[in-house]
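> Kindly generate the corresponding structure for this input.
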Amino acid sequence: MSERQVVTRIAPSPTGSMHIGTARTALFNWLYARRMGGKYLLRIEDTDRERSTDAAVKVILDGLTWLGLEPDEAPVFQFARADRHREVALELLARGRAYRDYMTPDELAEERERARAEGRVVRSPWRDANGGPLDPDRPHVIRLRAPQEGETRIDDQVKGEVTFRNVDLDDLILLRTDGTPTYNLAVVVDDHDMGVTHVIRGDDHLTNAARQTHIYQAMGWETPVWAHLPMIHGPDGKKLSKRHGAQAVSEFDDMGYLPEALRNYLAKLGWGHGDDEIFSDAQASSWFDIRDVVGAPARLDWDKLNHLNNHYIRLAEPERLAGLVEKVLRSRDWPVHDGDREILLRTLPLVREGARTVLDLADAVIFALKRRPLDLPEKARGQLTEETRARLGRLAVQLEEAEWTLAALEATIRGFAEAEGVGIGKFGPALRAVLSGGSPAPDLAGALISIGRDESLARIHDALPNEALGGIRL
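Residues are numbered from 1 along each chain as shown. Purely as a prediction, here's the structure:
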């Protein structure tokens, strides 16, 4: 590779959801470009016109935006470049590096049968035809005149040196009978014209690297550096599928994972930096080298992803988390009212310690967002004995006079228990139920802070008879 600026690319097809494997490929391309001070580009390979819809393109763009892996330039759309692809095919034809193949479908089927029986690849009789009608208007395909002797070596940055016998590689079709370019031609032309220096992609394209090398050589173009990434498997070591859970980037978003957590986790799938488990984007891009990627398939580990996600949830700004939680609540048809953002900002720092996902956060804040009167579950009602009601009434009087801070409320509750001569367990569960309506909630002082002074006292008031409240003012 000459001393050119490093240019990487991600080239997904807009034919469905954006797979997590595509996301990791994008991340590795992005990291390497950042490490080398280069460019990271996007090409939409939209030549399948039936499946390539605007909605599918939006899925890719939205997925990359959510991941924080937006390209450095506007995306290139492959279908729009078909004329350029045809131009190169005709140039190869003019150079004698390609030929017109007039085999009919029936003749091609017969040749395939012979090739299969003889254990070889398909060979067209038109490759070395010295006569016959070469009418460009007669139905035909254009094939590359690939080398049939020797070997093609791929010096892969992940797999190492991989060698292909040229006799085992057929003359790939460049233009179909209808004049449309094939995948391998389009990819090579686009990568060359985009200035791509490093092709980092899935290892299902390893054989294509040999075939595409022949096109580069036929055009006299510099071949890029190849790096073919292993697949991502499920926890059981088998190919990732629906039975393993989420596969698409949008599903990880819906499941409440933060993009920075997913980036950190995907970087660890097949690559690492010593024993470092948690690292920033800046650290990853300064450390990343494509040659350090492991050649064996990586396994998706939900426990590790959850651990990372919890770490980033604990680091995130409460305002950002509040917006994400509100989005989840609305998706569940939970009414979000004016003033709820303030409640969330008080509550989230108190409940995020054990939250694996934003969905967990949404579950954890419900107690603070409920509207009075709360419908207490049967177990909670059973805890409200006459003695407990009276005790909660006396506590409510003290809470009314307390400073509404976490430390002051904790001290008030401890002091009240000591004065009553009982442990907090004698009234704490009932108070929690009255405050939360039976939903999960943090410790008592945290629940009071989350709900707020007036709402907390009002919830206690709702659960107790007036005579138990003494002189409490609401």
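
> which intervals of the stretch 151-300 of the chain have sub-threshold pLDDT?
Counting by pLDDT under 70, the stretch 151-300 of the chain contains low-confidence ranges at 241-246.

> So which residues of the stretch 151-300 of the chain form strands?
151-156, 160-165, 173-175, 198-202, 225-229, 232-233, 298-299 (DSSP state E, counting those that start in this stretch).

> Run through who's touching the second one.
Contacts of strand 160-165 with the rest of the structure, by Cβ atoms under 8 Å, 6 or more residues apart in numbering, involve 151-156, 206-207, 209-210, 295. For every residue, glycine as well, the C-beta is placed using N, CA and C.

> again, but for the fifth one
Under the criterion Cβ under 8 Å, 6+ apart, residues 1, 24-25, 28, 154-159, 197-203, 205-206, 209, 270, 290, 293 lie in contact with strand 225-229.

> For it, which strands pair with it and how are they oriented?
Strand pairing for strand 225-229, determined by DSSP bridges: strand 198-202 (parallel).

> Any idea how far the partner strand is from the middle of the chain?
Centre-to-centre, strand 198-202 and its host chain are 18 Å apart (Cα atoms, centre = their mean, to the nearest Å).

> State the pLDDT value of residue 474.
Here, the pLDDT recorded for residue 474 equals 45.

> repeat for residue 471
pLDDT, read off for residue 471, is 47.

> Over to residue 416?
Confidence score, pLDDT, at residue 416: 97.

> Break down the stretch 151-300 of the chain into its helices, ranges please.
183-193, 206-219, 249-254, 259-268, 281-287 (DSSP state H, counting those that start in this stretch).

> What residues sit buried inside the longest one?
Applying a neighbour-count criterion of 16 or more other Cβ atoms under 10 Å, the buried positions in helix 206-219 are 206, 208-215, 218-219.

> now for that helix, which elements pack on it?
helix 82-94, strand 141-144, strand 151-156, strand 160-165, helix 183-193, strand 225-229 (3 or more Cβ pairs under 8 Å, 6 or more residues apart in numbering; DSSP states H and E).

> Show me the contact partners of it.
Against helix 206-219 from outside (Cβ under 8 Å, 6+ apart): 88, 91-92, 95, 97-98, 144-147, 152, 154, 156, 159, 162, 164, 169, 172, 174, 184-185, 187-188, 192, 199, 222-224, 226, 228.

> 6 Å - rerun?
Here helix 206-219 makes contact (Cβ atoms under 6 Å, 6 or more residues apart in numbering) with 92, 97, 146, 152, 154, 164, 172, 184, 188, 223, 226, 228.

> and it, how far from the chain's centre?
30 Å.

> what inclination does that helix have with respect to strand 225-229?
Counting by axes from the mean of the first three to the mean of the last three Cα atoms, to 10 degrees, helix 206-219 lies at 170 degrees to strand 225-229.

> in stretch 333-347, what counts as buried?
Neighbour counts over stretch 333-347 (16+ other Cβ under 10 Å) mark 340-341, 343-344, 346-347 as buried.

> returning to what we had before: any idea which of the strands of the stretch 151-300 of the chain gets closest to residue 38?
With Cβ to Cβ as the criterion, residue 38 lies closest to strand 198-202 of those, at 8.2 Å.

> distance of the closest residue to residue 62 other than its chain neighbours from residue 321?
Spatially, and ignoring its direct neighbours in sequence, residue 62 is nearest to residue 250 (7.6 Å; Cβ to Cβ, 6 or more residues apart in numbering). Using Cβ to Cβ, to the nearest Å, we find residue 250 at a distance of 20 Å from residue 321.

> Between these two, which has more neighbouring residues?
For residue 250 and residue 321, the more surrounded residue by other Cβ atoms under 10 Å is residue 321, and the numbers stand at 22 against 15.

> Helix, strand, or coil at the residue lying closest to that one once chain neighbours are set aside?
Distances taken as Cβ to Cβ, 6+ apart put residue 348 closest to residue 321, at 5.1 Å, once the chain neighbours are dropped. Recorded secondary structure, residue 348: helix (DSSP: H, G, I helix; E, B strand; the rest coil).

> swap in the one 4 residues further on?
Secondary structure assignment for residue 352 (three-state DSSP): helix.

> I'd say it and residue 313 touch.
Yes - the pair residue 352 / residue 313 is scored as a contact, 5.2 Å apart, by Cβ atoms under 6 Å.

> of the two, who's got more company?
Taking other Cβ under 10 Å, residue 352 and residue 313 do not tie; residue 313 has more neighbours (24 against 20).

> Show me what the helix or strand hosting the more buried one is packed against.
If you go by DSSP states H and E, residue 313 is part of helix 302-315. Under the contact definition 3 or more Cβ pairs under 6 Å, 6 or more residues apart in numbering; DSSP states H and E, helix 302-315 sits against helix 259-268.

> starting at the chain centroid, how far to the helix it packs on?
8 Å.

> so it versus helix 302-315, what angle?
Taking the same axes, to 10 degrees, one finds that helix 259-268 is oriented at 140 degrees with respect to helix 302-315.

> Can you tell me which helices and strands helix 259-268 packs against?
Using 3+ Cβ pairs under 6 Å, 6+ apart, helix 259-268 sits against helix 302-315.

> CA atoms of the helix it packs on as CSV?
Provided in CSV are the C-alpha atoms of helix 302-315 (Å, rounded to 0.1, in the frame of the first residue of the first chain):
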residue,chain,number,x,y,z
TRP,A,302,-25.3,-10.7,27.8
ASP,A,303,-23.9,-10.5,31.3
LYS,A,304,-20.9,-8.5,30.1
LEU,A,305,-23.1,-6.2,28.0
ASN,A,306,-25.4,-5.6,31.0
HIS,A,307,-22.4,-4.9,33.2
LEU,A,308,-21.1,-2.3,30.8
ASN,A,309,-24.5,-0.8,30.3
ASN,A,310,-24.9,-0.3,34.0
HIS,A,311,-21.5,1.4,34.1
TYR,A,312,-22.5,3.9,31.5
ILE,A,313,-26.0,4.4,33.0
ARG,A,314,-24.3,5.4,36.2
LEU,A,315,-22.1,7.9,34.3
